[in-house]
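**Q** coords please:
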Amino acid sequence: GNLDIHWKTKARGGISLFDSKGDEIPLDSTLPMPRGQVAEGWNPNNLENGTYVVTSSKPLKSGETVIMYNGILIQLNGTVDGSVKFQVALTSDENKNPFYRAYWYGNWGNWRAMKL
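**A** Have a look, this model is predicted:
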């Protein structure tokens, strides 16, 4: 009936772990959490960590180029402060490859196709 955690943790309105320097790391800042469908006028450059459903009425674009009409977009932080992020677009569109890109200290890179 006990919760036994070896690591230094804090559970107060959420769960946090602490790194080797003692800095707090909120778990919800590092794990993708389901968020639902993207909203009208959404911008892939300004998302929180999470999993998003992309539909043909709100496709994923790079400028005017459509990356995917239908599928899942996942964003993860690579660092606790969000200065490095990673997005992967897993499409259900026929004859389309998945895409990925990284945010590196202030700038999003270009979308790149994953060859399957």
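
**Q** lowest average confidence, helix or strand, in the chain?
**A** Ranking every helix and strand in the chain by mean pLDDT, DSSP states H and E puts strand 34-37 at the bottom, with a mean of 70.

**Q** On the C-terminal side of that strand, identify the next helix or strand.
**A** Downstream of strand 34-37, the next assigned helix or strand under DSSP states H and E is strand 50-54.

**Q** Okay, now the sheet partners of that next one, with direction.
**A** Strand 50-54 has its sheet partners listed here by DSSP bridges as strand 34-37 (parallel), strand 71-77 (antiparallel).

**Q** quick one: the spatially most central residue of the chain from Asn95, how far?
**A** Taking C-alpha atoms, centre = their mean as the criterion, Gln75 is the residue nearest the geometric centre of the chain, at 1.0 Å. Separation of Gln75 from Asn95 (C-beta to C-beta, to the nearest Å): 25 Å. Bear in mind the C-beta positions are built from the backbone N, C-alpha and C, glycine included.

**Q** same thing with Gly36?
**A** Note on Gly36: its distance to Asn95, by C-beta to C-beta, is 27 Å.

**Q** between those two, who's got more neighbours?
**A** Each of Gly36 and Asn95 has its neighbours counted (other C-beta atoms under 10 Å); Gly36 has more, 9 against 5.

**Q** List the contacts of the more buried one.
**A** Under the criterion of C-beta atoms under 8 Å, 6 or more residues apart in numbering, the neighbours of Gly36 are 52-53.

**Q** ranges for the strands of this structure?
**A** Counting by DSSP state E, one finds strands in the chain at the ranges 9-11, 15-18, 24-26, 34-37, 50-54, 60-62, 65-68, 71-77, 84-91, 99-104, 107-108, 112-113.
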